[in-house]
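*Asks:* from the sequence below, what's the structure:
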Amino acid sequence: MPKVSNDDLKAFGQAVQRARSLRGWTLDQLGNAIDPPVGKSLVSKIEKGRKDTLNSRTVGRFIKALNLDENWIDKFLHVDTTDDGDETKAERDADIIIDRALREDVTEGASEELLIQLANTYAEGTHKDRDTAYNSVRNALAAYARLKSAGLGDNSADALHNAIMAEVTALNDAGELDNAEAKLEDAERAMKAAHQDEEKRKDQQITNMLNNRIAQDRLRDRPDLAADRLIQNTRDHREGGTLFDTISKKADEWSEQGNKDGDLFTLQVALNIAKTNYETNKKKSGLTALALNSLGWSHLRLAERSSNQHHLEVARNAFQEAIKKTNKSIDEFNWGACQSGLGGVLQKMGERDADTDLIEQSITGYRAALKVWLKHKSDNARYDYNNLGLALSSLGEISQNADPLREAIVNYQSALALKNKKANPVDWANTQGGLAMAQRQLGALTIDLEMLKTARNSFAACEALDYRDVAPFDWAMLQWNIADLALTHHHIAPDPALLTSARAHLADARAFFVVGSAYQTSQCDELLEQINQAAAST
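*Replies:* Just a heads-up that it's a prediction; the model follows:
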């Protein structure tokens, strides 16, 4: 069947926008007038002619709400449309993201049109949950603010730059992201040609423009272009060291920052840098393994936050090939890093498939890496002690075997002995929380009330740090885990006070998850149902 033409989509959108404007309605008001109501994301897409799956059913609802000419329906009959022509989950998620951004006052003065575009761009992406998508929108809005401020005050080098950035801001506010990109490209070309004899000033302007263009790439969700710019800038302004090492360091910096911030865009930039570095050096025997290691870590960190599970398979292949190509006696540190990375991939694959063989292989990798770190007294030992705790806990839980859980506890304690609670309290709390989880699993498996009480004390040490504002997701998971522990304790030694505590902690967790993570919210609801069942049978 034929598709609806772009011209018809745009014409219908203009008719909708005209009728809405004549009534003096906002996007929300029109959405509420539709039967049944829809959100502003769908309305905006239709008005801009961007809803290419628009079907006759939805068109009919808009015709009725706005009293449009009924002949419009003819253009949408007998064409290839799907249920996506109605309001989609991604569009509803986008509206929730918009509401949260407005409620938390992080819109940075962006226009409604730009906010809608960004929310829909990231809601339709590969994010594992809505909270991750919201985080990407918030970072994009921060990039927009940097672009906007680049045309004001001391952040710009001259009046011409101010004027250009004012035009870019106006185009972004109008939703003309590609035209804003074209304006920046023209400005960059003119700027480079104009300052050949002013090296210091030119370098500063190039740095400013690079940051501006990467901010624009974020608005357009183009991490590939941001990576290309960073690589080219590295080639143009390298100061010492080999080009491979400099680019590899750049990939690692972006990967670590993206992992710290939970930002998919930054992680995708890192992956694109690592890919390019690998493709450029894959036939150079001395560099191939190093490039594969960087590529593997980039894919692994994306796999932890993206719904695209292909990243795990690619990361595994990269680490395995890197280990084959690494001479342990010559480059023991890189060999150890590859073993740790492979352990991380195999652990996640094993947990996903409940495959104890894969988890045992991951433990072998972590132990091999840990042996290297201990030999050289490296700080990396604390991370692989923690990784061993995680993997052994998973093995014990899946196999229902107490021995791995006991070993997990020992490894967590070794990791904590090497970590600085004052310097990085959230990192310390995550390891302490892992220790508590292992103790909870062991107590439940062996019906050991004292071990469950020990687990609660371990969680209390995390609570004492009060990192709710610094790491809200980690804090919410802590509340969920405490609620789960209380219910487990109640199953062994029934006590209504435990159920009361479980409800209170679960309510705190759900209040956070409900605005960002549908999966975690469903987990909260399942646990609440278990608490209710336990209360009913008491």
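
*Asks:* ok, and the closest non-adjacent residue to residue 100?
*Replies:* Nearest residue to residue 100 in three dimensions, chain neighbours excluded: residue 515, at 5.4 Å (Cβ to Cβ, 6 or more residues apart in numbering). In this view, the C-beta of every residue, glycine as well, is placed from N, C-alpha and C.

*Asks:* contacting residues for the one you found?
*Replies:* Contact analysis of residue 515 by Cβ atoms under 8 Å, 6 or more residues apart in numbering lists 96, 100, 130, 131, 134.

*Asks:* which among those gets closest to residue 400?
*Replies:* Comparing these against residue 400 with Cβ to Cβ places residue 131 closest, at 31.8 Å.

*Asks:* for whatever helix or strand the closest one lives in, buried residues please.
*Replies:* Taking DSSP states H and E as the criterion, the element that holds residue 131 is helix 130-149. Residues 130-141, 143-148 are the ones in helix 130-149 that count as buried (16 or more other Cβ atoms under 10 Å).

*Asks:* which SS state does the residue nearest to residue 100 fall under?
*Replies:* Here residue 515 is recorded as coil under DSSP: H, G, I helix; E, B strand; the rest coil.

*Asks:* mind pulling the model confidence for it?
*Replies:* With respect to pLDDT, residue 515 scores 71.

*Asks:* distance of it relative to residue 32?
*Replies:* From residue 515 across to residue 32, the span is 21 Å (Cβ to Cβ, to the nearest Å).

*Asks:* try residue 493
*Replies:* Counting by Cβ to Cβ, the gap from residue 493 to residue 32 is 52 Å.

*Asks:* next up, the contacts around residue 123.
*Replies:* Applying Cβ under 8 Å, 6+ apart, the residues near residue 123 are 41, 90, 91, 93, 94, 97, 130, 133.

*Asks:* most neighbours, which of those residues?
*Replies:* residue 94 (30 neighbours; other Cβ atoms under 10 Å).

*Asks:* in contact with that residue, which residues?
*Replies:* Listed by Cβ under 8 Å, 6+ apart, the contact set of residue 94 reads 39, 41, 116, 119, 120, 123, 124.

*Asks:* try it again with 10 Å
*Replies:* Residue 94 sits next to 39-42, 44-45, 88, 115-124, 130, 133, 137 when contact means Cβ atoms under 10 Å, 6 or more residues apart in numbering.

*Asks:* same deal with residue 187?
*Replies:* 160, 161, 163, 164, 165, 167, 168, 209, 212, 213.

*Asks:* ChimeraX command to pick out the buried ones of those residues?
*Replies:* Of the contacts of residue 187, the buried ones can be selected in ChimeraX as follows, counting by 16+ other Cβ under 10 Å:
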select :161,164,165,167,168,209,212,213
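
*Asks:* and residue 460, how far is that from residue 429?
*Replies:* 11 Å.

*Asks:* comparing these two, which residue is more hemmed in?
*Replies:* Comparing residue 460 with residue 429 by other Cβ under 10 Å, the one with more neighbours is residue 429, at 25 against 12.

*Asks:* quick one: that one and residue 468 touch, right?
*Replies:* No: using Cβ atoms under 10 Å, residue 429 is not in contact with residue 468, being 11.2 Å away.

*Asks:* which residues are common contacts for these two?
*Replies:* With Cβ under 10 Å, 6+ apart, residue 429 and residue 468 have common neighbours 474, 475, 478.

*Asks:* the last one contacts residue 464, correct?
*Replies:* Spelled out, that is residue 478. No: applying Cβ under 10 Å, one finds residue 478 not in contact with residue 464, separated by 11.3 Å.

*Asks:* those two: who's more crowded?
*Replies:* Taking other Cβ under 10 Å, residue 478 and residue 464 do not tie; residue 478 has more neighbours (25 against 11).

*Asks:* report the distance from the helix or strand hosting that one to the chain centre.
*Replies:* Using DSSP H and E, residue 478 sits in helix 472-492. Put simply, helix 472-492 sits 24 Å off its chain's centre (Cα atoms, centre = their mean, to the nearest Å).

*Asks:* just the CA atoms of that helix, as PDB, please.
*Replies:* Taking Å, rounded to 0.1, in the frame of the first residue of the first chain, the C-alpha atoms of helix 472-492 are listed here in PDB:
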ATOM      1  CA  PRO A 472      19.400   9.500  43.800                       C
ATOM      2  CA  PHE A 473      19.200   6.300  41.800                       C
ATOM      3  CA  ASP A 474      21.700   4.500  44.100                       C
ATOM      4  CA  TRP A 475      19.800   5.800  47.100                       C
ATOM      5  CA  ALA A 476      16.500   4.600  45.800                       C
ATOM      6  CA  MET A 477      17.900   1.100  45.100                       C
ATOM      7  CA  LEU A 478      19.200   1.100  48.700                       C
ATOM      8  CA  GLN A 479      15.600   1.800  50.000                       C
ATOM      9  CA  TRP A 480      14.300  -1.100  47.800                       C
ATOM     10  CA  ASN A 481      17.000  -3.500  49.100                       C
ATOM     11  CA  ILE A 482      16.200  -2.600  52.700                       C
ATOM     12  CA  ALA A 483      12.500  -3.200  52.100                       C
ATOM     13  CA  ASP A 484      13.400  -6.600  50.500                       C
ATOM     14  CA  LEU A 485      15.600  -7.500  53.500                       C
ATOM     15  CA  ALA A 486      12.800  -6.600  55.900                       C
ATOM     16  CA  LEU A 487      10.300  -8.900  54.100                       C
ATOM     17  CA  THR A 488      12.900 -11.700  54.000                       C
ATOM     18  CA  HIS A 489      13.400 -11.300  57.700                       C
ATOM     19  CA  HIS A 490       9.600 -11.400  58.300                       C
ATOM     20  CA  HIS A 491       9.300 -14.700  56.300                       C
ATOM     21  CA  ILE A 492      11.700 -16.300  58.800                       C
END
